[in-house]
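Enquirer: Just to be clear, the model below is a prediction. Sequence and coordinates:
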Amino acid sequence: MSLAEQVFAANDRVLEKIDVPEWGSPDLYVGMMNGEERDEYEEWFELHKDAAGKVNRRGFRVRAVRLMTFDAQGNAAFTVDQEASLAKKSAVVLNRIFEKAFELNKLGAKHVEEAAKN
């Protein structure tokens, strides 16, 4: 097996089940984004900057939840077309999912500071 084949065959995406009793406790997982999903997530911020460079954060939490939630097989739990419906769900629930996914993906100021130290 070539090095590339070995890398492509490796399952390097961690999934962690998250309990969401408010939604009937579905088999919902938060997981690490792949490269494409991470690029989409970061591109969102660039596309939502005003002339002064300030980001309009409206919708970013729902986008993050969509990009970082999966079924047990690692398939996306939600599509881009479902973001508007997802945005209407409880902010408390979305935030709980968001926070767990954010930690798993090492996003946020804490992880930026840790990376800068290394």
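Expert: Arrived safely, thanks for sending.
Enquirer: For this structure, just list every one of the helices.
Expert: For the chain, applying DSSP state H gives helices covering 3-9, 35-47, 60-68, 83-87, 91-104, 109-117.
Enquirer: Give me the most central residue, the chain.
Expert: With distances taken as CA atoms, centre = their mean, residue 68 lies nearest the centre of the chain, 2.8 Å away.
Enquirer: Not counting its neighbours along the chain, what's nearest that one?
Expert: With CB to CB, 6 or more residues apart in numbering as the criterion, residue 68 has its nearest non-adjacent residue at 3.6 Å, and that residue is residue 101. Where C-beta positions appear, they are placed from N, C-alpha and C, glycine not excepted.
Enquirer: pretty sure that neighbour contacts residue 62?
Expert: No. At 11.9 Å, residue 101 and residue 62 do not qualify as touching, with contact defined as CB atoms under 8 Å.
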